[in-house]
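**Q** Here is a sequence with its predicted model. Questions after.
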Amino acid sequence: MTWKTTNTAKGDNKLYSDAGGYAPSLDLRFASDKNLNDFVTNTPLVDHQRSMSGSNLSAGTFVNSSGLIETAKVNLASNSNYGTDWSKSFFAQTPVLDAIGPDNITNSAFTLIANNSGGNNYVEAITPTVTVKTSTSYTVSFFAKADTLNYAMIRTNGFTTPADFKRAYFDLLTGVTGERNAGDSSDIVSYGGGWYRCIYTFTTDPTDTTGNFYIGLASGTTEATASYYVPLDGVSSVVLFGLQVEEGTTASPYIPTTGVASAAPRFDHDPTTGESLGLLVEESRTNILQNSSFYENFPWSFLWGIETGTVTSNSEIAPDGTTTATKLEFGAATTTVQLRQSINVTGNYAFSVFAKKVNSGDSLVVSNVSTGDTPISSGTEEYSDGWVRYWFTVTNCLQLRFQFTASVYVWGAQVEEGDFPTSYIPTNGTALTRSADVATITGSNFSSWYNPSEGTYYAEVFSTSPDAETILSSRRSDGVLIADGFKINSSTLYNRATCYLFSTGTNDFINYSPVSGKNKLAIAGSSASTSAYFNSVNGSNLATRAPQGITVAGIEFGGTAPANAHISRITYFPERLPDATLQAITS
């Protein structure tokens with residue numbers, strides 16, 4: 001297995017030929033590669049975090065390539081590499097980030113070395129405390145590479161009684177796993193360059209809620225040979241990288257974390273065509289409904305009209321592939337059915353629900369008859385197998401009601417503050433919040449490809465909301481946000497894309513006509529001039545000016561005004577491309 005995803009879609013390299021031979025120094029192909037790797041250097045330069053540090057947080061959902069809604073995976077380890085919240089055993093030297101990891105980034109991996117106290121004993125790096133559910137399967141994984149020793153081990157502490165007997169061993173030369181506890185499982189997967197991903201799956205006890213993992217050195221792969229004992233010689237060592245702890249029995253692609261548990265980036269798809277849309281970047285939203293599923297009792301109730309109908313739970317396959325949709329059937333003389341819940345909100349809120357006709361020949365109309373202001377906007381989004389997500393935005397609502405004109409399957413209701421709906425946040429007994437997506441490139445990851453004298457940014461974006469969407473922002477050397485680089489606003493008042501990356505003007509924008517589907521933007525700047533194009537249209541109100549002393553030290557996707565968009569691609573050329581070239585690559 002290689003670190004890089006190589007499923008590049010046909011046509012991705014057309015941008016290079018359209019650029020007339022100019023070579024990019026950064027190319028993030030989020031839609032086709034479905035990862036955060038830079039295609040030019042084959043390194044994951046983007047730091048993505050969606051915090052899962054609170055008990056009321058949702059990992060977020062996305063549409064997978066099969067058209068089903070899927071919940072993002074979560075790395076429960078608060079810091080996936082050795083940091084200030086890790087510790088070490090008494091017999092280990094303090095680990096140092098001193099090696100190139102499987103991500104091909106210098107000093108991203110750490111070396112675990114035995115101290116020189118003499119004798120034999122445990123040598124381990126101790127992870128921060130991890131919160132778990134009782135009687136639940138978890139998979140812990142880490143990357144390891146042989147150094148002076150050829151073996152690594154992992155054990156639990158605090159999850160089981162006695163904890164010391166929950167461990168697994170890995171041979172980093174032959175790529176095989178050794179002894180592990182009865183009932184547990186382990187695996188080892190080659191990532192090339194001597195790196196292996198070591199994987200261990202176990203089940204927590206009925207009383208387990210928190211604990212640690214100990215990643216250590218070993219001298220073999222069987223308990224019988226006391227494999228956890230190694231010489232304390234100041235030399236014995238292995239190289240480690242990328243701890244991940246996740247619920248379930250399989251290891252997901254690695255999710256880096258920095259300081260907090262984090263959910264994976266979401267590579268979204270069109271729910272009907274399966275087209276890959278790219279990286280979904282959204283603001284934080286809360287589904288205030290405490291149960292987004294439907295039951296015959298509180299908090300949901302039903303208004304049938306003339307006579308009572310029938311409610312059948314778990315009667316149809318829902319948009320997430322589970323049989324959890326509820327069927328609402330009419331009585332003989334019923335003409336409409338309403339799904340309702342008392343709710344009292346002030347301001348603009350988006351209401352949404354997934355619905356599907358029970359009888360394909362019926363004419364289904366879904367409307368909002370909530371007590372309060374009339375809907376100020378509405379829309380639909382088609383999903384596979386006849387499912388449609390219906391949404392309405394209302395102001396100052398007292399009672400939520402969805403009205404249907406035919407027998408219907410329903411699933412996935414959401415009420416969130418805002419002028420438009422965002423991705424579905426499942427709830428079951430309590431309101432849940434999806435943290436904002438924060439994706440940045442800073443430090444050496446930024447300086448490795450950025451030219452401070454001149455350059456050109458290119459972006460492909462699928463818009464998801466009618467409000468301002470900051471696609472890319474720049475930060476100066478002290479970390480302060482400078483301005484929005486690509487900002488699309490497709491409302492009726494402001495059809496424009498602002499471009500501030502190479503100047504500080506407040507009126508630099510491109511008038512444009514928004515399109516459904518992919519939009520292409522490019523902005524180029526040098527000491528002489530700045531230009532920008534949106535879908536081959538030149539910025540009619542874009543001032544021609546030079547950069548004004550800005551020292552850029554990084555960029556972020558989303559910025560302080562969240563994107564609420566799918567970013568299909570970000571490409572950077574370390575030179576100012578001619579206007580004719582900008583027009584060509586955005587056509």
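**A** Received, thanks. Residues are numbered from 1 along each chain as shown.
**Q** By mean pLDDT, flag the weakest helix or strand of this structure.
**A** When each helix and strand of the chain is scored by mean pLDDT, DSSP states H and E, strand 495-498 comes last, with a mean of 41.
**Q** Looking at this structure, which helix is longest?
**A** Taking DSSP state H as the criterion, the chain has its longest helix at helix 579-585.
**Q** Okay, buried residues for it please.
**A** 581, 582, 583, 584, 585 (16 or more other C-beta atoms under 10 Å). For glycine as for every other residue, the C-beta is placed from the backbone atoms N, C-alpha and C.
**Q** of the residues you listed, closest to residue 117?
**A** residue 585 (61.5 Å; C-beta to C-beta).
**Q** wait, doesn't the closest one sit right on residue 22?
**A** No. With contact defined as C-beta atoms under 8 Å, residue 585 does not reach residue 22; the gap is 9.4 Å.
**Q** and for those two, which residues touch both?
**A** Common neighbours of residue 585 and residue 22 are listed as residue 577 (criterion: C-beta atoms under 8 Å, 6 or more residues apart in numbering).
**Q** how is this protein carved up into domains?
**A** 14-58+437-585, 74-262, 286-433 (automatic domain parsing).
**Q** As a markdown table, the ones you listed with distance to residue 274 would be great.
**A** Converted to a markdown table, the domains of the chain look like this (distance: least, C-beta to C-beta, whole Å):
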| stretch | distance to residue 274 |
| --- | --- |
| domain 14-58+437-585 | 12 |
| domain 74-262 | 20 |
| domain 286-433 | 9 |
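**Q** Reduced to three states, what does residue 271 come out as?
**A** Assigned state for residue 271: coil (three-state reduction, DSSP: H, G, I helix; E, B strand; the rest coil).
**Q** what are the bridge partners for the nearest residue to residue 198 once chain neighbours are set aside, then?
**A** Closest residue in space to residue 198, ignoring its immediate chain neighbours: residue 170 at 4.4 Å, by C-beta to C-beta, 6 or more residues apart in numbering. Counting by DSSP bridges, residue 170 is bridged to residue 152, residue 177.
**Q** now residue 188
**A** Beta-bridge partners for residue 188, by DSSP bridges, are residue 198.
**Q** residues in contact with it?
**A** Per C-beta under 8 Å, 6+ apart, neighbours of residue 188: 170, 171, 175, 176, 177, 196, 197, 198, 199.
**Q** List buried residues within the residues you listed.
**A** 170, 171, 177, 196, 197, 198, 199.
**Q** I'd like to know which of those is nearest to residue 30.
**A** Residue 30 has its nearest neighbour among these in residue 197, at 23.2 Å by C-beta to C-beta.
**Q** Give me the pLDDT for the residue nearest to the closest one when sequence neighbours are not counted.
**A** Leaving out its chain neighbours, the residue that sits closest to residue 197 by C-beta to C-beta, 6+ apart is residue 189, at 4.6 Å. Listed pLDDT for residue 189 reads 97.
**Q** Burial check on residue 189, number of neighbours?
**A** Residue 189 sits with 14 neighbouring residues when counted by other C-beta atoms under 10 Å.
**Q** so residue 271 sits right up against residue 63, yeah?
**A** Yes. Judged on C-beta under 8 Å, residue 271 makes contact with residue 63 at a distance of 4.8 Å.
**Q** residue nearest the centroid of this structure?
**A** Most central in the chain under C-alpha atoms, centre = their mean is residue 265, positioned 1.8 Å from the mean C-alpha point.
**Q** And for that residue, nearest residue in space, chain neighbours not counted?
**A** residue 48 (4.6 Å).
**Q** Could you double-check that that neighbour lies in contact with residue 439?
**A** Yes. Counting by C-beta under 8 Å, residue 48 touches residue 439, with 4.5 Å between them.
**Q** Now for those two: what residues contact both?
**A** Residues touching both residue 48 and residue 439 (C-beta under 8 Å, 6+ apart): 36, 265.
**Q** Next one, pLDDT for the residue nearest to residue 198 please.
**A** 96.
**Q** what residues are up against it?
**A** Contacts of residue 170 by C-beta under 8 Å, 6+ apart are 144, 151-154, 176-178, 186, 188, 196, 198, 218, 221.
**Q** how about the residues you listed, which pair is most distant?
**A** Across the contacts of residue 170 (C-beta to C-beta), the longest gap, 15.2 Å, separates 154 and 176.
**Q** Now do the longest strand that the chain contains, average pLDDT.
**A** Secondary structure of the chain per DSSP state E: the longest strand is strand 337-357. Averaging pLDDT along strand 337-357 gives 88.
**Q** How about it, which residues are buried there?
**A** For strand 337-357, the neighbour count (16+ other C-beta under 10 Å) marks 337-341, 343, 345, 348-357 as buried.
**Q** Can you list the strands that the helix or strand where residue 238 lies pairs with?
**A** Residue 238 belongs to strand 237-247 when assigned by DSSP states H and E. Sheet pairing for strand 237-247, assigned by DSSP bridges, gives strand 109-113 (antiparallel), strand 137-146 (antiparallel).
**Q** Mind giving me the packing neighbours of the longest helix of the chain?
**A** helix 14-18, strand 518-525, strand 530-534 (3 or more C-beta pairs under 8 Å, 6 or more residues apart in numbering; DSSP states H and E).
**Q** from the chain's centre, how far out does the longest strand of the chain sit?
**A** 27 Å (C-alpha atoms, centre = their mean, to the nearest Å).
**Q** what's it packed up against?
**A** Strand 337-357 makes packing contacts with strand 301-303, strand 325-329, strand 366-368, strand 388-404, strand 408-417 when contacts are defined by 3+ C-beta pairs under 8 Å, 6+ apart.
**Q** got the buried residues for the last one?
**A** Put plainly, it is strand 408-417. Applying 16+ other C-beta under 10 Å to strand 408-417 flags 408, 409, 410, 411, 412, 413, 414, 415, 416 as buried.
**Q** any chance of these in JSON lines, with pLDDT and distance to residue 76 too?
**A** JSON lines is the format used below for those (pLDDT from 0 to 100; distance: C-beta to C-beta, whole Å):
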{"residue": "408", "pLDDT": "91", "distance to residue 76": "38"}
{"residue": "409", "pLDDT": "93", "distance to residue 76": "34"}
{"residue": "410", "pLDDT": "93", "distance to residue 76": "33"}
{"residue": "411", "pLDDT": "94", "distance to residue 76": "28"}
{"residue": "412", "pLDDT": "94", "distance to residue 76": "25"}
{"residue": "413", "pLDDT": "93", "distance to residue 76": "28"}
{"residue": "414", "pLDDT": "94", "distance to residue 76": "25"}
{"residue": "415", "pLDDT": "93", "distance to residue 76": "28"}
{"residue": "416", "pLDDT": "95", "distance to residue 76": "26"}
